[in-house]
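>>> Mind folding the following:
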Amino acid sequence: TTAILPAQKIQQLIDVGSIPSEANVDDEQIQPASLDLRLGAVAYEITASFLPRATSTVLQRVSELVRETIDLTVPTVLAAGRVYIVPLMERLSLPAQVGGRGNPKSTMGRLDVFTRLLNDYGEEFDRIAPGYRGGLYIEIAPQSFSVIVSRGLRMYQARFVKGRPRPSDNTLRELNDEGTLVFD
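Take a look at the predicted model:
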């Protein structure tokens, strides 16, 4: 069975230590079927977007691309047209059968701020492999105008999935290469 976990199950994951955090998770962060994720204390302005690949952590890749380290313990401006990576306050230590998906909070789209989730050794944005153990990070790229952010701001949310969701984009591409699924 495949299911998106409801608030009660997300709370259980928090209670058993599967979602540790730098600070206690607030009740307001737990939505009916998602968890709001909070910005950590630092942001890294980087030269370009990236995926960490199956062989590296996010911070290893950041160290290759970092332009500036920014303190988010005070309100800080992130400039339009630039790309930032921010470690989140929440980490994961998920059970083997639980993975996740992420998406920006709806206000980010209305503010024209592009965000997406990364995790260590990840090969796709916005996806968390079942049983993932490690840090979470978001890429923030303000598009139209600069934004002010600080530690604890909730810009992104994760949904947790138990079971076998539909195939990933990579799996669908592989299936298409084996036998055409989509015709022009």
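>>> Run the chain-centre distance for stretch 95-109.
7 Å (CA atoms, centre = their mean, to the nearest Å).
>>> List of residues touching that stretch?
5, 13, 18, 36-37, 92, 94, 113-117, 126-132, 154-163, 165 (CB atoms under 8 Å, 6 or more residues apart in numbering). Glycine gets a C-beta too; all of them are placed from N, C-alpha and C.
>>> ok, of those residues, which come out buried?
For those, a burial check counting by 16 or more other CB atoms under 10 Å picks out 5, 13, 18, 36-37, 92, 94, 113, 115-117, 126-130, 132, 154-162.
>>> Name the nearest residue to the most centrally placed residue in the chain, ignoring sequence neighbours.
For the chain, the residue nearest the mean C-alpha position is Leu117 (2.5 Å; CA atoms, centre = their mean). Spatial nearest neighbour of Leu117, chain neighbours left out: Gly102 (3.7 Å); criterion: CB to CB, 6 or more residues apart in numbering.
>>> next structured bit after the helix or strand containing that neighbour?
Take DSSP states H and E as the rule and Gly102 turns out to sit in strand 98-104. Using DSSP H and E, the helix or strand that follows strand 98-104 in sequence is helix 106-110.
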